[in-house]
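Q: the amino acid sequence is not available; the structure is as follows:
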């Protein structure tokens, strides 16, 4: 039987050339996406001008909007419909190609969980974020960071010349990279917390929310709850320039830039929700944080303090147990294991405790069913998951939307990669919304947790200020 796979060609390209080619090409359309591995990862993926946009803005439905303007609305669970559509283009895995060999790229909103969990409707849906939003491209590019080889790919059977895609990208890389020095030359910026930011909850309100959570914990309803604060402020720069600034000083494993007609996304998340390769599933829960030190000695002191903090370790163990429980629903019995436990990973501003949980996917489960089994991530809800989601709905005044949902890809080969959305700006109607929170336990300090929640958004605000200064 003839193998079905993308048409492709390859050439040498650095990560910076790849980014500036994407930035140049993104100027030609409102719809584009870039997924970058900021550190420890292997791939960068980009597409502009999708063949079809798949989005869920109504309950229990998925809209297909094709490049020519044709629209079709299908009834049913949007994630089931999305994954089924991707599988209609099922392709064989080509060993020479990177892991992403085409598929749907986009996000699942935190509020998608309402479609299958009995969460009350209390919080205000002021941003009206789609529950599911993905692009499927007939032309895309993937950079292998280890070899600095970029692969240009096209859908088979559509008469597309992959050499034209390569030529377009190489020209854009030359033009975009040439503009780089002039755009980023000679500015200084104040990295303090921005002024005049609108918050979803004030300090006193958040402190009461913490006390409410501690009452639920005392009543043994929950062990831990993650509560958040949304900060909002006008953005006067191009969102892609904000992303460019963020990647320059705060590279994270799961960077993302999404351009859409109604919104934009600037994201630098560190945490994996779900990775699927063949039948193997894995996730990397993060819990426990310290700042980076100003010197090697101070850095090591912070690491030792983190590793010896019983509260941080206890919270982390709860998160790992939650992920093991979730994987138990979608994996073969006795295959779930923790193959890394409480290792310290360093980022530009902070260090975290991280573990790795893996297992073998149960047979006959669709990708949509696997995603639902682990979504949303336990590290940003709490434990037990459903009760904490009910409490979040009761205490947080606005719906989370994209925040603590997932950005990533679902591939033609059946593989997928999905992160947990934190450290992210959702930009709509000229306003940047940045949300961050804290895992609350019985002995949490209400004032300190509010300050921590605001501070976690600082890197995104720095990126905003940098982009506006360059402009």
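A: Alright, I've got the coordinates. Note that the coordinates shown come from a computational prediction; the quantities given were computed from them, not determined experimentally.
Q: paired strands for the lowest-mean-pLDDT helix or strand in the chain, with orientation please.
A: The weakest-scoring helix or strand in the chain, judged by mean pLDDT, DSSP states H and E, is strand 286-291 (a mean of 83). Strand 286-291 has the following strand partners under DSSP bridges: strand 350-360 (antiparallel).
Q: can you name the element that comes right after the strand it pairs with?
A: Using DSSP states H and E, the helix or strand that follows strand 350-360 towards the C-terminus is helix 367-374.
Q: just the buried residues of the least confident helix or strand of the chain, please?
A: Neighbour-count burial for strand 286-291, with 16 or more other C-beta atoms under 10 Å as criterion, is recorded at 286-290. To be clear about C-beta, it is placed using only N, CA and C from the backbone, and glycine gets the same treatment.
Q: same thing with stretch 269-285?
A: Those would be 269-276, 281-285, for stretch 269-285 by 16+ other C-beta under 10 Å.
Q: using CSV, lay out the buried residues of strand 286-291 together with distance to residue 264.
A: Listed next are the buried residues of strand 286-291 as CSV, based on distance: C-beta to C-beta, whole Å:
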residue, distance to residue 264
286, 25
287, 29
288, 31
289, 27
290, 32
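Q: so which strand or helix has residue 299?
A: Counting by DSSP H and E, residue 299 is found in helix 296-307.
Q: what mean pLDDT does that helix get?
A: When pLDDT is averaged over helix 296-307, the result is 92.
Q: could you pull out the helices in this protein for me?
A: According to DSSP state H, the chain carries its helices in the segments 15-26, 78-87, 162-183, 203-218, 239-249, 296-307, 310-330, 367-374, 385-395, 446-455, 458-470.
Q: separation between the residue lying closest to residue 223 once chain neighbours are set aside and residue 319?
A: With C-beta to C-beta, 6 or more residues apart in numbering as the criterion, residue 223 has its nearest non-adjacent residue at 4.6 Å, and that residue is residue 383. According to C-beta to C-beta, to the nearest Å, residue 383 and residue 319 sit 7 Å apart.
Q: distance between the ends of stretch 420-431?
A: 22 Å (C-alpha to C-alpha, to the nearest Å).
Q: list the buried residues of that stretch.
A: By neighbour count on 16+ other C-beta under 10 Å, the buried set for stretch 420-431 is 420-428.
Q: these in strands, which ones?
A: Per DSSP state E, strands hold the following members of the buried residues of stretch 420-431: 424-428.
Q: so how many other residues sit close to the spatially closest residue to residue 404 that is not a sequence neighbour?
A: Distances taken as C-beta to C-beta, 6+ apart place residue 380 nearest to residue 404, at 4.1 Å, with adjacent residues excluded. Using other C-beta atoms under 10 Å, residue 380 has 25 neighbouring residues.
Q: do the one 4 residues further on as well
A: Residues near residue 384, counting by other C-beta under 10 Å, number 16.
Q: cheers, nothing more for now.
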